[in-house]
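*Asks:* need coordinates for the below:
(chains A and B)
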2 protein chains.
Amino acid sequence: MDAWGKRLAGVRGVLLDISGVLMDSGDGGGVPIAGSVEAVARLKQSRLKVRFCTNESQKSRGKLVGLLRQLGFDVSEGEVTAPAPAACQILKERGLRPHLLVHDGVRSEFDQVDTSNPNCVLIADAGDGFSYRNVNKAFQVLMELEKPVLISLGSGRYFKETSGLMLDVGAYMKALEYACGIKAEVVGKPSPEFFKSALQELGVQANQAIMIGDDIVGDVGGAQRCGMRALQVRTGKFRPSDERHPEVKADGYVDNLAEAVDLLLQHADK
Amino acid sequence: MDAWGKRLAGVRGVLLDISGVLMDSGDGGGVPIAGSVEAVARLKQSRLKVRFCTNESQKSRGKLVGLLRQLGFDVSEGEVTAPAPAACQILKERGLRPHLLVHDGVRSEFDQVDTSNPNCVLIADAGDGFSYRNVNKAFQVLMELEKPVLISLGSGRYFKETSGLMLDVGAYMKALEYACGIKAEVVGKPSPEFFKSALQELGVQANQAIMIGDDIVGDVGGAQRCGMRALQVRTGKFRPSDERHPEVKADGYVDNLAEAVDLLLQHADK
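*Replies:* Have a look, this model is predicted:
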């Protein structure tokens, strides 16, 4: 593999995944990953532009930022690209009235959305809300539509909580796709539209941006397909087999965000 | 389409699906589909061999037969091919110790199976047992195995209860396949092994047998791939779009089991 100097040359903006990179979620909120609070602070003091790009869909953006600040991170709502606000925009543009299968923590994002007489289903990481009864209700709504539309906030397979690996929304998206014989529309990583809007908000071109995430497919593969570079951290949901993934190869693998920031501050924007 | 005489010529044995053909399940047991009790009786009085071939995995075979007899059907346990007993045989042959994600009603089928220190996961139609917690536990067990083995009793997308369409085990099989990056082994229809053992128990060759079911893929497509003929009934989970299915075309579509039996008694075994 090329030296880091070559791999990071010309990087001017950084997109940071949150869960598994900044913090591990868990009961009672979460814990910062060692070195990440300082790493974010150093990055923000540098000449590099920084934006947070998350598929978090259990919490509203406000609650997520509140939690991060409580853990010591310097972050504000305006710096975060998250799927629920992006989905609200799409629902509005297309006149869609969703049946919501979402966590109570994110429901406030949809306060302004008409959910009467639903003509689509929107699912997010509902956690314990993914009861048989709730998933079946979403299935029944879809089966009653002439042209069923399923919108999924992300398509992650699983994420890591402090207590262990947890099924993510993607698993339930696949269950509904199979049961209804349809294909979901994903809002969030790895959707190119989502990365592009994060890039636009970051204010740099794709070839000047780098994504740092713990998900080899959703973060690394998705960003690379948009022309960005991407590093995978060995924290969060990282598993050693990710470094031998049959389809996706990161531009680099680092132990954690702190190491990524060390390398960026040394080699980027040169 | 050819006349019925040509389509049913030489049929000597009949495999009958149960749910959606004989009865619709529901709270409190289920209700027979109009004309099916008499249709089964007429079939059994004929020269045709008859066997029941079900993916029912919420109830033990004993409980299922008890329910059917209560509804007026002439059926005994020895006449039923069901996935749980077939799975027990496979577990034994391969030294597999399953983590069970199944309905309490079928748990007794696994009384003789070693479930300590699991080295595979077995899922069946667990109904309300498909809570997030339970599905996540099955996921975690799979992710901890070096070579994850997932056995699914059937791969149905949904079935029909008196209260409406209900998600079947296949949806949860797909969720776990996606989350773990694996492929499940299906025990039950449409697995060729399962049809072949039902045929062997029926005692006729594939080209002399016909399957009658309400599932265009699981019943009709599966049976045809084994060289059998297959009729779809317009009861149970049948939907009009099934008659325009892009991949599977039944040898005939009939309104219900009673019509299928009328035709069989008139044209089969000639």
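
*Asks:* number of residues surrounding A:Glu79?
*Replies:* Counted by other Cβ atoms under 10 Å in any protein chain shown, the residues lying close to A:Glu79 total 16. Using the backbone N, CA and C atoms, a C-beta is placed for each residue, glycine as well.

*Asks:* meant to ask about A:Pro85
*Replies:* Using other Cβ under 10 Å: A:Pro85 sits among 15 other residues.

*Asks:* that one and A:Glu146, how far apart?
*Replies:* 29 Å (Cβ to Cβ, to the nearest Å).

*Asks:* and what of A:Ser241?
*Replies:* From A:Ser241 to A:Glu146 the distance is 42 Å (Cβ to Cβ).

*Asks:* and if you look at A:Glu243?
*Replies:* Taking Cβ to Cβ, one finds A:Glu243 at 46 Å from A:Glu146.

*Asks:* likewise A:Pro240?
*Replies:* 47 Å.

*Asks:* between those two, point out the one with more neighbours.
*Replies:* A:Pro240 (8 against 5).

*Asks:* show me what A:Glu185 is bridged to.
*Replies:* Per DSSP bridges, the residues bridged to A:Glu185 are A:Ile151.

*Asks:* that one: how many residues sit nearby?
*Replies:* 16.

*Asks:* contact partners for it?
*Replies:* By Cβ atoms under 8 Å, 6 or more residues apart in numbering or on different chains, the contact set of A:Glu185 is A:149-152.

*Asks:* what's the distance between it and chain B?
*Replies:* According to Cβ to the nearest Cβ, to the nearest Å, A:Glu185 and chain B sit 17 Å apart.

*Asks:* so what pLDDT did the residue nearest the centre of chain A get?
*Replies:* Closest to where the C-alpha atoms of chain A average out (Cα atoms, centre = their mean) is A:Asn55, at 2.4 Å. At A:Asn55, the pLDDT value in this model is 94.

*Asks:* burial count for the closest residue to it other than its chain neighbours?
*Replies:* Of all residues not flanking A:Asn55 in the chain, A:Gly154 sits nearest, at 3.6 Å (Cβ to Cβ, 6 or more residues apart in numbering or on different chains). Neighbours of A:Gly154 under the rule other Cβ under 10 Å: 27.

*Asks:* swap in A:Ser131?
*Replies:* 16.

*Asks:* tell me the pLDDT of it.
*Replies:* In this prediction A:Ser131 is given a pLDDT of 98.

*Asks:* give me phi/psi at it?
*Replies:* The phi/psi pair for A:Ser131 (degrees, to the nearest 10) reads phi -80, psi 160.

*Asks:* that one reaches B:Asn134, doesn't it?
*Replies:* No - counting by Cβ atoms under 8 Å, A:Ser131 does not reach B:Asn134; the two are 10.0 Å apart.

*Asks:* ok, now which ones touch A:Gly20?
*Replies:* A:33, A:159-160, A:213-215, A:233, A:235-238.

*Asks:* hmm, 6 Å instead?
*Replies:* Contact partners of A:Gly20, counting by Cβ atoms under 6 Å, 6 or more residues apart in numbering or on different chains, are A:160, A:214, A:235-237.

*Asks:* contact residues of the stretch 151-270 of chain A facing chain B?
*Replies:* Within the stretch 151-270 of chain A, the positions lying close to chain B (Cβ under 6 Å from any Cβ of the partner chain) are A:157-158, A:164-165, A:167, A:171, A:174-175, A:178-179.

*Asks:* looking at the contacts of A:Glu185, state which has the most neighbours.
*Replies:* A:Ser152 (28 neighbours).

*Asks:* what's the helix or strand for the residue lying closest to it once chain neighbours are set aside?
*Replies:* Excluding the flanking residues, the one nearest A:Ser152 by Cβ to Cβ, 6+ apart is A:Met173, at 4.1 Å. Per DSSP states H and E: A:Met173 is located in helix A:169-180.

*Asks:* in the stretch 101-250 of chain A, which spans are helices?
*Replies:* A:132-144, A:169-180, A:192-202, A:222-225 (DSSP state H, counting those that start in this stretch).

*Asks:* got the angle for the second one vs helix B:132-144?
*Replies:* Angle of helix A:169-180 versus helix B:132-144, following axes from the mean of the first three to the mean of the last three Cα atoms, to 10 degrees, is 110 degrees.

*Asks:* re the thing from before, just the mean pLDDT for the helix holding A:Met173, thanks.
*Replies:* For helix A:169-180, mean pLDDT is 98.

*Asks:* now tell me what touches that helix from outside.
*Replies:* Contacts to helix A:169-180, defined as Cβ under 6 Å, 6+ apart, come from residues A:123-125, A:130, A:139, A:142, A:148, A:150, A:152, A:154-157, A:184, B:157-158, B:167, B:171, B:174-175, B:178-179.
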